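> predicted coordinates and the sequence they were generated for:
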Amino acid sequence: MKKTIFSVASLCLLALSGISANELKTIDTESTIEMVLPDDLSTFCKAVMQGDVDTVKKLIELGEDVNQKSLGKAPIHYAARYNKVEVLQVLIDNGADLKKRCDGGMTAIKYAKLSNATEAQAVLEAAMKK
C-alpha cells in the first residue's frame, strides 16, 4: 500500500512539473530590459535633479541648452519630476519649452502630476498662463 501511494504521488509531481515547464515556454522572451547607467545622464540634468541652482545657472551661462534632452527627457522634465521648484523657475526664465515632450510623450506638467510634485505643478501652471 505504501508503494502504491508513493508511486501515485510521484506521478502527480511529475505531471505537475511537466505542466509548469510547458507554461514557462509561453512567456514573452522578446521583451528587453534596458539598463541606464548614471554616467549616461548629462551633467546639466544631474544638477537639475539634485536641485543645485548655482550649478544650473553657471552651466546656462556657459551656454548649456535648457531644452537639450538627456536619456530622452529635457531638464524641465527632471525638475518637475523631482519637485525642484527653484531650478524649474531658472529653466523657465531661461527659455525652457514648457510644452516639450519627452521620448515617452509626456510633458513636464504630467511628470509633476505623476510624482505628486504639487509645488512644481503650480509653477508650471502659472508659467503656462503667461
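In hand now; what should we look at?
> drop to CA atoms for contacts and neighbour counts, all remaining ones
Noted.
> which residues in this structure form helices?
For the chain, the helices defined by DSSP state H cover 2-24, 43-50, 53-61, 75-81, 85-93, 108-114, 118-129.
> least confident of those helices, on average?
Among the helices of the chain, helix 2-24 carries the lowest mean pLDDT, a mean of 61.
> residues near residue 54, how many?
12 (other Cα atoms under 10 Å).
> and the gap between residue 120 and residue 63?
Using Cα to Cα, to the nearest Å, residue 120 is found at 25 Å from residue 63.
> the more surrounded of the two?
Neighbour comparison, residue 120 and residue 63: the larger count goes to residue 120, with 27 against 8 (by other Cα under 10 Å).
> how near is that one to residue 76?
For residue 120 relative to residue 76 (Cα to Cα), the value is 10 Å.
> need the overlap of contacts for those two.
Common neighbours of residue 120 and residue 76, counting by Cα atoms under 8 Å, 6 or more residues apart in numbering, are residue 88.
> which one is residue 66 nearest to, not counting chain neighbours?
residue 96 (5.5 Å; Cα to Cα, 6 or more residues apart in numbering).
> I figured the one you found hits residue 69, correct?
No. Here residue 96 lies out of contact with residue 69, judged by Cα atoms under 8 Å, at a distance of 11.4 Å.
> same list (the helices of the chain) but as TSV, adding distance to residue 101.
Output for those, formatted as TSV (distance: least, Cα to Cα, whole Å):
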stretch	distance to residue 101
helix 2-24	38
helix 43-50	16
helix 53-61	21
helix 75-81	8
helix 85-93	15
helix 108-114	7
helix 118-129	14
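> right, and those helices - which one's nearest residue 102?
Proximity to residue 102 (Cα to Cα) singles out helix 75-81 among the helices of the chain, at 7.6 Å.
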